[in-house]
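Student: next one to model:
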Amino acid sequence: MSRVLPRVGALLAAVALLFTSWSVATDRRAEALEPFTGYLMAHFIGEQATGEQIYLAHSRDGLHWTDLNNGAPVLLSTVGTRGVRDPALVRSPAGDRYWIIATDLRIANGTSWSDAANNGSRSLVVWESADLVNWSAPRLLDVAGAIPGAGDAWAPEAIHDPATGDYVVYWATNATLNGVKKHRIYYTRTKDFRTTTAPVLYIDRAGTQGIIDTQIVESPTSVGGYRYYRASGDGQITVEGANSVLGAWTRIGDLSHLGITGSQVEGPMWMRFNGRDQWALWLDQYSSGRGYMPVLSTNLGSTRNFQTTTDYNLGGTRKRHGSILNLTSAEEGRVLGKWGATTPVNRIQSYNFQDRYVRHADFDVRIDPNVSPVQDSQFRVVPGLVGSGTVSIQSTNYPGYYLRHYNYDFVLAADDGTATFKADATFRQVAGLASSSWSSFQSYNHPDRYIRHYSYLLRLDPITDAAGRADATFRLTG
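Tutor: Sure thing, here's the model as predicted:
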């Protein structure tokens with residue numbers, strides 16, 4: 001025994017050293033994520049048919065943004081309510097795993113805010129990726145089901161907790177506690193965004209004051225005196241500081257001295273500027289419908305350091321409650337390679353009625369002269385929603401809406417994420433049937449049929465004669 005014990009001790013010491021080395025390596029891999037070169041914003045745009053889905057925007061300076069994917073959604077929820085709001089981007093410390101978590105809510109389907117708050121989904125929608133561009137199918141994660149009387153699970157966020165090596169997921173739930181029904185912030189822990197611990201009350205304001213839309217940012221050098229800062233919508237936009245994610249939080253102040261209150265803005269969204277200790281706190285101006293505005297600070301330890309600015313631009317779509325991820329050069333390259341190219345805007349001109357162009361009108365599709373507004377006749381011919389070497393035809397003034405056939409008639413419709421929609425909205429662009437210098441569009445799922453006009457309405461028909469060939473021939477113009 002006297003010879004065995006030293007060997008066991010040596011083995012245990014080696015195992016301990018291995019785990020210590022792994023932990024240090026993980027921290028070093030996290031440090032290796034820097035330097036950051038750009039920014040990625042995940043957001044939704046509103047309550048229209050495709051507005052409550054995942055949209056992305058990119059910025060090089062953190063203030064001036066460009067819509068990705070031509071302003072169309074990049075991910076669609078096909079689970080739960082089939083709509084998502086308030087997306088949060090989460091990166092693992094090692095930079096080898098990413099998640100998007102979002103509120104499972106779709107107001108566009110006719111749900112009232114009262115029903116959504118009192119009888120809504122208690123799950124979050126989760127996507128997962130290894131590279132930030134190829135995402136899993138969405139899945140539901142029940143986080144609030146164990147909260148007695150829970151009416152919803154809104155505005156989720158997540159942050160890695162270095163003290164425990166897992167993630168703290170936190171969100172707002174409307175429930176009755178101590179005789180008061182209101183939104184409070186709860187949290188749970190997870191390592192994989194698949195299984196979670198039981199929900200725990202995290203933030204509860206006094207009396208009947210509810211709280212929602214909390215987001216935490218880390219200050220690695222503890223500028224202002226704290227390691228972490230959080231901003232919350234609780235009647236004001238309240239800023240607090242702490243030195244651990246689940247530690248004691250100290251109220252620092254609010255933004256009322258800037259004329260900014262919770263009755264005007266919501267969805268506080270933190271962003272640390274790359275390469276310097278300066279932050280932007282983006283606020284969604286929901287009451288005026290103007291989307292996000294930034295307030296800037298170099299010291300989060302006092303809200304008196306926050307300043308408004310007019311030097312920003314949010315691109316073509318209205319940005320609603322989301323989150324911002326600082327990007328490394330490699331991440332930025334992948335994101336822009338996938339969604340950064342801007343497809344030209346075209347009009348689709350008829351071959352045999354050259355004063356007429358394809359346009360949508362009340363979501364029906366036809367060819368007309370003198371289209372007004374002209375945006376109704378502007379489209380982007382983008383890579384097909386299904387099948388290599390194919391195209392889909394996306395509206396410019398209704399991002400996420402495509403020309404699709406339905407019972408061989410054409411409509412402009414929102415991508416609903418189904419395989420049927422994708423096939424109906426996909427075509428092969430081939431040499432024009434009436435002139436090889438023009439184009440015709442062959443159906444992907446009915447290859448014996450082509451897009452053609454008939455009595456000026458667009459149809460999907462077999463083409464059997466010269467008149468049909470002329471009707472099925474078009475030209476893309478600038």
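Student: after the helix or strand of the chain with the lowest mean pLDDT, heading C-terminal, what element do we hit next?
Tutor: The helix or strand of the chain with the lowest confidence, counting by mean pLDDT, DSSP states H and E, is helix 4-31 at a mean of 37. Downstream of helix 4-31, the first helix or strand assigned by DSSP states H and E is strand 36-44.
Student: which neighbouring elements make contact with that next one?
Tutor: Packing contacts for strand 36-44, counted by 3 or more CB pairs under 8 Å, 6 or more residues apart in numbering; DSSP states H and E, involve strand 55-59, strand 84-91, strand 320-328, helix 329-339. Backbone N, C-alpha and C define where each C-beta goes, glycine included.
Student: what residues go with each domain of the chain?
Tutor: For the chain, the structural domains run 30-339, 347-477, going by automatic domain parsing.
Student: quick one: the residue nearest to Gly149 when sequence neighbours are not counted and Tyr186, what's the gap?
Tutor: Nearest-residue entry for Gly149: Ala175, 4.7 Å, with adjacent residues in sequence omitted and distances by CB to CB, 6 or more residues apart in numbering. Separation of Ala175 from Tyr186 (CB to CB, to the nearest Å): 9 Å.
Student: settle it for me: which of these two has more neighbours?
Tutor: Neighbour comparison, Ala175 and Tyr186: the larger count goes to Tyr186, with 24 against 20 (by other CB atoms under 10 Å).
Student: quick one: classify the more buried one as helix, strand or coil.
Tutor: Tyr186 falls in the strand class when you classify it by DSSP: H, G, I helix; E, B strand; the rest coil.
Student: which neighbours does the host helix or strand of Glu240 have in its sheet, and in what orientation?
Tutor: According to DSSP H and E, Glu240 maps onto strand 237-242. Take DSSP bridges as the rule and strand 237-242 pairs in its sheet with strand 228-233 (antiparallel), strand 250-253 (antiparallel).
Student: which of those is buried the deepest?
Tutor: strand 228-233 (a mean of 25; mean count of other CB atoms under 10 Å).
Student: taking strand 320-328 as reference, get the angle to that strand.
Tutor: Using axes from the mean of the first three to the mean of the last three CA atoms, to 10 degrees, the direction of strand 228-233 lies 160 degrees away from that of strand 320-328.
Student: nearest to Phe427, of the strands paired with strand 237-242?
Tutor: For the strands paired with strand 237-242, proximity to Phe427 was assessed by CB to CB; strand 228-233 is nearest, at 45.4 Å.
Student: so how far is the closest one from its chain's centroid?
Tutor: Between the centre of strand 228-233 and the centre of its host chain there is 21 Å, according to CA atoms, centre = their mean, to the nearest Å.
Student: got the contact list for Ala144?
Tutor: Applying CB atoms under 8 Å, 6 or more residues apart in numbering, one finds that Ala144 lies in contact with Arg122, Ser123, Ala150, Asp152, Ala153, Trp171, Thr173, Tyr186, Pro199.
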